[in-house]
Each structure stands twice: as structure tokens, then as C-alpha cells.
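> please work out how this folds:
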Amino acid sequence: MDRFEPPAVAALFVLATLVATGPLVGIGGFEPRATTIGDGTASIDAVHVDTAHLRVTDGRFGTAVPYLRVPDASVAVDGVTGRPRLLYQISVPRLDVSMTSERVFSTAGTYRLAPGDRALEPSSVGRESYNGTVRITVQSFEASETVYDENVTVAVVE
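Numbers count the residues shown, from 1 in each chain. The predicted model follows:
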């Protein structure tokens with residue numbers, strides 16, 4: 001009896017998966033994630049952003065590069081029509097920083113937006129704190145609604 005070689009087994013597995021999830025059989029194990037904004041609206045149940053954790057700290061592992069540390073945002077969406085997007089914006093003008101995280105969605109649920117941290121020029125940080133804004137907006141081709149807007153103080157922690 002012949003033995004299947006690993007590349008042949010892998011190729012058969014990929015082929016079987018493609019056939020099973022294709023348009024002819026349509027098992028539907030994979031739902032594509034919406035990637036483009038469209039018409040639509042959403043009602044927001046709750047927004048959570050821990051703005052106390054928005055701060056400037058030294059780089060890790062002894063680097064001399066300061067970082068703007070940005071907390072994740074959690075948005076509970078109650079009802080959705082179409083394909084709107086959530087837009088999480090952080091702005092600190094005196095540091096010349098504007099960051100965005102976005103997520104297009106088409107179903108209710110809780111969505112996490114995570115823009116990540118941003119390295120800063122060491123010479124740009126010279127104060128104990130900076131003023132900034134945090135804004136979360138629901139946008140579509142039909143409408144734009146700000147659901148969270150807060151002026152924040154960004155502390156420099158050494």
C-alpha cells in the first residue's frame with residue numbers, strides 16, 4: 001500500500017476545505033468581515049475608554065525614546081443597519097500626534113478599538129503634561145455621530 005507524503009496530504013486538505021466552503025457546497029464556516037464603509041446607522045449602548053492610562057512614558061528595555069501609551073476603547077453596539085464604522089481618534093496637538101483606529105461592522109456586539117502606542121521624538125517631550133482629545137464616532141455615508149468626546153490631560157510619567 002502506498003503512503004501519502006505530507007505535501008500531498010496538505011494539498012488534499014486545502015482542496016477539501018475550498019470545496020466544502022465554496023459556493024457549490026456552502027458549509028458557511030467562514031463569514032467575511034466587512035471592510036468597507038457603507039450606508040447605515042448604529043445605536044451605541046456603552047463606551048469605555050480608561051483615559052487615566054493615556055500617558056507618556058519612557059521606552060521599555062532602557063531605550064531613551066518616550067512613548068504615548070493609548071488605552072484600548074470598548075464600544076457596545078446595540079443595533080445596526082448597513083455597514084457603518086467606529087472611528088476612535090486621539091489627538092495631542094503639542095506633541096504633533098493624531099492617532100486613529102477604525103472598525104467597519106454590520107452586527108451588534110462589543111467592539112475593541114486599539115490604536116497602539118506611538119514613539120515620540122525625545123526632544124518633543126519637555127512638559128509634565130499635555131492637553132489632548134479622545135473622540136469616538138459612528139460614521140457612514142448617511143450620517144456621522146460622535147458618541148464619546150472628552151478633553152484629557154496626558155501626563156508624562158518618568
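> and stretch 38-46, what's buried?
Of the residues in stretch 38-46, Gly40, Ala42, Ile44 count as buried by neighbour count, 16 or more other C-beta atoms under 10 Å. Every residue, glycine included, has its C-beta placed from N, CA and C.
> likewise for stretch 148-158?
Tyr148, Val152, Val154, Val156.
> Ile44 touches Gly79, doesn't it?
No: Ile44 is beyond contact range of Gly79, at 9.3 Å (criterion: C-beta atoms under 8 Å).
> phi and psi next, for the closest residue in space to Asp96 that isn't next to it in sequence.
Once flanking residues are discounted, Asp96 sits nearest to Ser124: 7.0 Å by C-beta to C-beta, 6 or more residues apart in numbering. Phi and psi for Ser124, reported as degrees, to the nearest 10, are phi -80, psi -20.
> read off the pLDDT value for Ser124.
pLDDT recorded at Ser124 is 90.
> tally of neighbours for it?
14 (other C-beta atoms under 10 Å).
> can you check Asp117 too?
Asp117 has 15 nearby residues by other C-beta under 10 Å.
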